[in-house]
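> model this:
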Amino acid sequence: MADGLLIVNCGELVTMSELGDGPQRGPLSDLETLQDAAVWCADGLIRDIGRRDDVMRGLPNNVDPELLDAGGACVIPGLVDPHSHRVYLGSREDEFEMRVAGIPYPEIARRGGGIIRTVAETRRGTFDDLLRAVLGRLDRALASGTTTTEVKTGYGLTMESELLALDVLAAADRAHVVDLVMTFLPAHAVPSEFASNPDAYVDLIVEEMIPRAVGRARYVDVFCEQGYFTPDQARRVLAAAEAHGFGRRIHADEFSDLGGATIAAELRCASADHLCWSAESGLRAMAAAGVVAVVLPGSRFFLLADRYANARRMIELGVPIALGTDHSPTGATESMLFVIALACAELRMTPSEALVASTRNAAFSIGLGAHIGTLAKGRDADLVILDVPTYRQIPYYVGRDIVRAVVKKGAPAWRRAA
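Below is the predicted model of the structure:
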């Protein structure tokens, strides 16, 4: 039996180990890389990493690892998706056509589309229906280089259906090689049965739903936005989350500036996500509080939006940025590589900044920065071998299949068919 996995002939190895402790902040024009490198993985961890000759000389005499030849290609940390909604049924491609015709998302939601439409379809599904859907989405994410993803509930909006979603995610986490970080999101929208009394639904979330989710999710999230949850309601949800030991996240300022960024800073949330309309005062507060901005250009792309999050200003202010897919029925991309390309094209992030935001910073945003997102001795052996010679070509070859192989916890998890 082989003693782990030895990846050799890495033409350009991107480790990010030079970036110090914590998430990376500020402008970044380049990343240090190792040429002609190798990585030895065993027991799920990186045991040695560096120049090929050095790694080969350092192997214990009695070790006989499986060999994986990178073929001179670029090797990067496994991609980390810190914001996704993968527990749902149905699709909404007709709403995309409506947006093409000029109907904005809020109007589609008022007509019965959007989140509430998916809630109705999801509630009709069984555990097996939902699990099959989630596993298929994780298969596609893995093939695109994602090795860890945050996943939210939020398309049930009843006690029973939200807890069912957590059960589905727990089963998917056991069954699939991609690691899941669960977020409880009953405050995704006000269900139709509470439309006349949203505060009563918030009471249900705070008094009953969040306590029932203890031990089953890592975070609680809330959608603070006009037509969804007010700042006061969001504070109530997040206060209950803290009281029950959850980490906190917030959908903030996606369609308007309701002060979500400021709330995130005040409450020291793990992340504030979207941030398309955040005031500079809120972004400055996030920088001071160390709140990670999870920016979601794929969401804006599928919404046909003119305005994206101001990532360049965030970077100037020292706000740590992570990138996520926001996979949902609104925009069902699984590809973090596509998101990296959008970040470069629409947010004017450099390839270096976008890659760090999709690995190291994304890992810190979901509480796993000490384990994933950086390639170093003792870290989880999650890597992606790309069919390009340098990470700078990730946004250059947008739309092209450039993932050659994915390694998860030191074992080959996916390889492109020859």
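> what's the domain layout of the chain?
5-77+374-415, 80-365 (automatic domain parsing).
> deepest of those domains, which one?
Greatest average neighbour count among those goes to domain 80-365 (a mean of 21), per mean count of other CB atoms under 10 Å. In short, each C-beta sits where N, CA and C put it, glycine included.
> mind checking how far it is from the chain centre?
Averaging C-alpha positions (CA atoms, centre = their mean, to the nearest Å) puts domain 80-365 9 Å from its chain's average.
> Let me have the domains of the chain in JSON lines, adding mean pLDDT as columns.
Shown next, in JSON lines, are the domains of the chain (pLDDT from 0 to 100):
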{"stretch": "domain 5-77+374-415", "mean pLDDT": "96"}
{"stretch": "domain 80-365", "mean pLDDT": "97"}
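> Would you check how far apart the closest residue to Arg268 other than its chain neighbours and Val222 are?
Closest residue to Arg268 apart from its sequence neighbours, by CB to CB, 6 or more residues apart in numbering: Ala289 at 5.4 Å. Distance from Ala289 to Val222, counting by CB to CB, to the nearest Å: 17 Å.
> before we move on, what about Leu89?
With distances taken as CB to CB, Leu89 is found 23 Å from Val222.
> do the same with Arg51
For Arg51, the distance to Val222 - CB to CB - is 48 Å.
> same deal with Ile210?
Noted for Ile210: a distance of 11 Å to Val222, by CB to CB.
> tell me, what's touching those two both at once?
Residues touching both Ile210 and Val222 (CB atoms under 8 Å, 6 or more residues apart in numbering) are Val237.
> Quick one: the strands in the stretch 101-250 of the chain, in order.
Here the stretch 101-250 of the chain has its strands, by DSSP state E, counting those that start in this stretch, at 146-152, 179-187, 219-224, 247-252.
> Quick one, which of these gets closest to Val406.
strand 146-152 (6.6 Å; CB to CB).
> my read: His83 touches Asp273, true?
Yes: here His83 reaches Asp273: they are 5.3 Å apart, a contact under CB atoms under 8 Å.
> any common contacting residues for those two?
Taking CB under 8 Å, 6+ apart as the criterion, His83 and Asp273 both touch Val294, Leu296, Gly324, Asp326.
> who are the neighbours in contact with the last one?
It stands for Asp326. Taking CB under 8 Å, 6+ apart, one finds His83, Ser84, His85, Asp273, Leu296, Gly298, Ser299 in contact with Asp326.
> I'd like to know which of those residues are part of helices.
Of the contacts of Asp326, the ones assigned to helices by DSSP state H are Gly298, Ser299.
> Out of the contacts of Asp326, flag the one nearest to Tyr155.
Distance to Tyr155, by CB to CB, is smallest for His85 among the contacts of Asp326, at 7.1 Å.
> if I pick that closest one, what's in contact with it?
His85 neighbours (CB under 8 Å, 6+ apart): Val151, Lys152, Gly154, Tyr155, Leu185, Asp326, His327, Ser328, Pro329.
> possible to save the strands of the stretch 101-250 of the chain as TSV with distance to Val356?
Converted to TSV, the strands of the stretch 101-250 of the chain look like this (distance: least, CB to CB, whole Å):
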stretch	distance to Val356
strand 146-152	15
strand 179-187	19
strand 219-224	22
strand 247-252	20
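> Quick one: closest of those to Leu317.
Using CB to CB as the measure, strand 247-252 is the one of these that comes nearest Leu317, at 15.5 Å.
> ok and that closest one relative to strand 219-224, angle-wise?
In terms of direction (axes from the mean of the first three to the mean of the last three CA atoms, to 10 degrees), strand 247-252 departs from strand 219-224 by 20 degrees.
> hmm, who's touching strand 247-252?
Under CB under 8 Å, 6+ apart, the answer for strand 247-252 is 183, 218-225, 228, 234, 238, 241-242, 258, 260-261, 263-264, 267, 269-275, 278, 294, 367.
> what comes into contact with the helix or strand where Val356 lies?
Element membership of Val356 [criterion: DSSP states H and E] is helix 351-357. Residues from elsewhere that reach helix 351-357 (CB under 8 Å, 6+ apart): 14, 16, 19, 24, 27-31, 76, 295, 315, 321-323, 340, 343-344, 349, 391-392, 394-395.
> Same question for stretch 48-63.
Applying CB under 8 Å, 6+ apart, the contact partners of stretch 48-63 are 3-4, 6, 8-10, 13, 15, 34, 36-40, 42, 65, 375-377.
> try it again with 6 Å
Stretch 48-63 is contacted by residues Asp3, Val8, Asp36, Ala37, Ala38, Val39, Trp40, Leu375 when judged by CB atoms under 6 Å, 6 or more residues apart in numbering.
> ok, now stretch 296-305?
Contacts of stretch 296-305 (CB under 6 Å, 6+ apart): 99, 105, 274, 308, 324-326, 330-331, 333, 339, 342-343, 346-347.
> Recalculate using a threshold of 8 Å.
Residues from elsewhere that reach stretch 296-305 (CB under 8 Å, 6+ apart): 83, 96, 99-100, 105, 254, 273-274, 276, 307-309, 323-328, 330-331, 333, 338-339, 342-343, 346-347.
> distance between the ends of that stretch?
Using CA to CA, to the nearest Å, one end of stretch 296-305 lies 12 Å from the other.
> about what we covered before: got the CA coordinates for the helix holding Val356 in CSV?
Listed next in CSV are the C-alpha coordinates belonging to helix 351-357 (Å, rounded to 0.1, in the frame of the first residue of the first chain):
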residue,chain,number,x,y,z
PRO,A,351,-5.4,37.7,-10.8
SER,A,352,-3.3,37.5,-7.6
GLU,A,353,-6.0,39.2,-5.5
ALA,A,354,-8.8,37.1,-7.0
LEU,A,355,-7.0,33.8,-6.4
VAL,A,356,-6.2,34.7,-2.8
ALA,A,357,-9.9,35.7,-2.3
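> Please report how far the closest residue to Ala165 other than its chain neighbours lies from Tyr201.
Spatial nearest neighbour of Ala165, excluding adjacent residues (CB to CB, 6+ apart): Thr153 at 3.9 Å. Distance, Thr153 to Tyr201, by CB to CB: 15 Å.
> residue ranges of the strands in the stretch 301-418 of the chain, please?
Going by DSSP E, counting those that start in this stretch, the stretch 301-418 of the chain shows strands at 321-323, 383-386, 403-408, 411-415.
> how about those strands in TSV, adding distance to Thr122?
Listed next are those as TSV, based on distance: least, CB to CB, whole Å:
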stretch	distance to Thr122
strand 321-323	26
strand 383-386	31
strand 403-408	28
strand 411-415	28
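> Relative to Leu142, which of those is closest?
If you check each of these against Leu142 by CB to CB, strand 411-415 wins as the nearest, at 5.1 Å.
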